[in-house]
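> give me a 3D structure for the following:
(2 chains)
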2 protein chains.
Amino acid sequence: MKIALTATHGDVSGGAIIFRGSASDAFALASQLGYDGVELHLRRPSQISRDEVKKLADTHGLGIPTLGTGMAATLEGLTFSDPDPEIRRRAVTRIKEHIGLAAHLDSAVTIGSINGRLGNDPEKRRLRREGALDCLRECSKAAAEAGVTILLEPLNRYECDYLNTQEEGLRVIREIGVPSLKLLADTFHMNIEEANITASLRTVGPELRHVHLADTNRQAPGYGHLDVRGVLRVLREIGYEGYLSFEVLPLPTFRQAAEDAIHTVREILSKL
Amino acid sequence: MKIALTATHGDVSGGAIIFRGSASDAFALASQLGYDGVELHLRRPSQISRDEVKKLADTHGLGIPTLGTGMAATLEGLTFSDPDPEIRRRAVTRIKEHIGLAAHLDSAVTIGSINGRLGNDPEKRRLRREGALDCLRECSKAAAEAGVTILLEPLNRYECDYLNTQEEGLRVIREIGVPSLKLLADTFHMNIEEANITASLRTVGPELRHVHLADTNRQAPGYGHLDVRGVLRVLREIGYEGYLSFEVLPLPTFRQAAEDAIHTVREILSKL
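Presented below is the predicted three-dimensional model:
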């Protein structure tokens, strides 16, 4: 298993991302602390120079496992489930831009917050879910053509009202039926939604391509009460060979979180 | 430890309350299933006939450990931290009405969602926190005069932005300094906020007067991955003699949740 730091631009406050600052500082920190890659969270792909980032990754010998796209939803309100077709079109366009960048960086694209919410009205929920899945299908097809993987991330009930568990994610993947669409498991969300975290990981293992290893309080592994060892043992048992990235709060400081997260995980992995 | 069913009026949909319907049906169900009490959730105390409810409780030999008050916040937007003093005044008035009912029913009053949110602006947060604590102090004093306990309930980060952990609750209780103000521990919220659930229970034990025993997915104990046995063992060790109530979703059905919750807990308690 490989390990990735999460990073984003310095102008974004809040959120479960360890490093905020320039891409060059992010890659330098990841390299210095022994990370294998950097998971980049971007509001717009045009915020970065794709060639500069590609060069940084190559220079440091680091991968970019996936591009986080949630800011388009949280900062701009672009979601796949919006009742307004123009908003949905803009959300799809944004994700296609991410797919273009991901193809250049040999990265995947995460679809989490941009799935949006369906609301409470049963009839509208049905229609909005159809609209959302149409967007997801269109993006998955575009990703397939570009050789890029889409990582569908179920979120907890407070952040999404129709795609919360790994099994729900798996059902959507089967419904869409495009091979580029795979699953992302985030242990912070799973702690709230899954009756049994490790059993869920075993169930969805064949479709799992990325893991956000966050503790129960959304801090670095070891800061909460997640059975980190149990999760890593199951991931090894099911032959998971992707990245573990730390989509966690920068607490107590971003540096401490970055250091403790990789230290804790490497220590456990070395003894499994 | 005593065990309480949660119940509310039939016209409220959603929410983590097992039974929706008339008070007489709620008490009959609780009695039939071997509960010791009914935790009533009310939008307004005037929604029920206090004498009828008192008589129902006496007839069935059941207690009413506390009155849930969150609907004033979730349905009417009344909170202690609202910047508008008129809203705060109405929130305090509503809680004082609950205190009057609680005195009649030998019940406590829960203060959870009505604490509200402080928002993101640091200066405004400070002022709004002061306003909220003033409301809490006023209600605590009124409760003390009526011989009623106020149960302060920390909520997870998605439901409240300044009172999330048991320790934060304890600090507020000390800041207010009125003996009628005690603590409520809800294991669903604790699963998200506490680094160590049982250690937190030990820390706040002396101030703890009520427990919402909900599993990690907010279903009945046994439906998620909460270490129910570990929680109950610690509660017994610290000499907790209050109620365990099930502020949980009515899933798979309200009846099944009501039956399974008490069965699971009685079974574990009998073997501790």
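
> helix, strand or coil for the one residue sitting closest to the centre of chain A?
Closest residue to the average C-alpha location of chain A: A:T110 at 4.7 Å, with Cα atoms, centre = their mean. A:T110 carries the three-state label strand when classified by DSSP: H, G, I helix; E, B strand; the rest coil.

> that one pairs with what?
Taking DSSP bridges, one obtains A:L151 as the residues bridged to A:T110.

> surely it meets A:L67?
Yes. In this structure A:T110 lies within contact range of A:L67 using Cβ atoms under 8 Å: 6.6 Å. All C-beta atoms are positioned from the backbone trio N, CA, C, and that covers glycine.

> how many neighbours does the one residue in the stretch 101-250 of chain A that gets nearest to chain B have?
Closest residue of the stretch 101-250 of chain A to chain B, Cβ to the nearest Cβ: A:Y158 (3.7 Å). A:Y158 has 14 neighbouring residues, counting by other Cβ atoms under 10 Å in any protein chain shown.

> per-residue pLDDT of it, please?
Per-residue pLDDT puts A:Y158 at 97.

> equivalent analysis for A:R126, please.
A:R126 is assigned a predicted lDDT (pLDDT) of 96.

> which ones are touching the residue nearest to the centre of chain A?
A:T66, A:L67, A:G68, A:T69, A:G70, A:L151, A:E153, A:L184, A:H210 (Cβ atoms under 8 Å, 6 or more residues apart in numbering or on different chains).

> surely the third one is in contact with A:T6?
Think A:G68. Yes. Look at A:G68 against A:T6 with Cβ under 8 Å: they come within range, at 7.3 Å.

> comparing the two, which residue is more hemmed in?
Counted by other Cβ under 10 Å, A:G68 and A:T6 do not tie: A:T6 has more neighbours, with 29 against 26.

> ok, what's across the strand from the more buried one?
Assigned bridge partners for A:T6, using DSSP bridges, are A:E39.

> in chain A, what residue spans correspond to helices?
A:23-32, A:50-60, A:71-74, A:85-105, A:122-146, A:166-176, A:187-193, A:197-204, A:228-237, A:254-271 (DSSP state H).

> in JSON lines: those helices, plus mean neighbour count and distance to chain B.
Output for those, formatted as JSON lines (neighbours: other Cβ atoms under 10 Å in any protein chain shown; distance: least, Cβ to the nearest Cβ, whole Å):
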{"stretch": "helix A:23-32", "mean neighbour count": "20", "distance to chain B": "25"}
{"stretch": "helix A:50-60", "mean neighbour count": "16", "distance to chain B": "30"}
{"stretch": "helix A:71-74", "mean neighbour count": "21", "distance to chain B": "13"}
{"stretch": "helix A:85-105", "mean neighbour count": "19", "distance to chain B": "23"}
{"stretch": "helix A:122-146", "mean neighbour count": "17", "distance to chain B": "12"}
{"stretch": "helix A:166-176", "mean neighbour count": "18", "distance to chain B": "13"}
{"stretch": "helix A:187-193", "mean neighbour count": "25", "distance to chain B": "6"}
{"stretch": "helix A:197-204", "mean neighbour count": "18", "distance to chain B": "7"}
{"stretch": "helix A:228-237", "mean neighbour count": "17", "distance to chain B": "11"}
{"stretch": "helix A:254-271", "mean neighbour count": "17", "distance to chain B": "13"}
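
> export the ones you listed to a markdown table and append columns for distance to B:G242.
What follows is the helices of chain A, written out as a markdown table (distance: least, Cβ to Cβ, whole Å):
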| stretch | distance to B:G242 |
| --- | --- |
| helix A:23-32 | 48 |
| helix A:50-60 | 56 |
| helix A:71-74 | 40 |
| helix A:85-105 | 49 |
| helix A:122-146 | 39 |
| helix A:166-176 | 36 |
| helix A:187-193 | 26 |
| helix A:197-204 | 30 |
| helix A:228-237 | 32 |
| helix A:254-271 | 37 |
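
> just to revisit the earlier point, farthest pair in the contacts of A:T110?
Maximum pairwise distance in the contacts of A:T110, criterion Cβ to Cβ, is 14.0 Å, between A:G70 and A:H210.

> quick one, what contacts the closest residue to A:L62 other than its chain neighbours?
Excluding the flanking residues, the one nearest A:L62 by Cβ to Cβ, 6 or more residues apart in numbering or on different chains is A:G37, at 5.1 Å. Neighbouring residues of A:G37 by Cβ under 8 Å, 6+ apart: A:K2, A:I3, A:A4, A:L5, A:A30, A:A57, A:L62, A:G63, A:I64, A:P65, A:Y243, A:S245.
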